[in-house]
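Trainee: any chance you could fold what I've pasted below:
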Amino acid sequence: MYRILLSDRAERELVLSWEWYEERQEGLGYRFIEEFRNKVKKIEHNPELYAIKFSSYRETIIPDFPLLIIYRISKRKRVVRIVSIFHTSRSTFNKYRG
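Mentor: Here you go, the predicted structure:
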């Protein structure tokens, strides 16, 4: 199993996404967090499950939400660093900057 670390950017994006969904519908933010946690558990157990999309960055979509989890793996340290929780409608210019 790998240890999961969130970049400062990913933490901010997670909170902002939760707030946005919760403002739209009570409980939706919590559903988003639950889907996020479920996907992170899969990454934690098998980080190479999802495809490399750019350089050494991998990404996977959060079910039922238009958000990607973008991450890198350090096999030597057995760490997965989530660099961004990226809304699919945003510009991809800074997608991998974390």
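
Trainee: what lines up beside the worst-scoring helix or strand of the chain on mean pLDDT in the sheet?
Mentor: In the chain, no helix or strand scores lower on mean pLDDT, DSSP states H and E than strand 52-54, which sits at a mean of 92. The pairing partners recorded for strand 52-54 under DSSP bridges are strand 57-61 (antiparallel).

Trainee: which residues touch the partner strand?
Mentor: Strand 57-61 has contacts (Cβ atoms under 8 Å, 6 or more residues apart in numbering) with 39, 42-43, 47-53, 67-73, 83, 86, 88, 96. For glycine as for every other residue, the C-beta is placed from the backbone atoms N, C-alpha and C.

Trainee: pull out the buried members of the residues you listed.
Mentor: With neighbours counted by 16 or more other Cβ atoms under 10 Å, the contacts of strand 57-61 contain buried members at 39, 43, 47, 50, 67-73, 83, 86, 96.

Trainee: and these, which two are the farthest apart?
Mentor: Based on Cβ to Cβ, the longest span within those runs between Leu67 and Ile73 and measures 19.8 Å.
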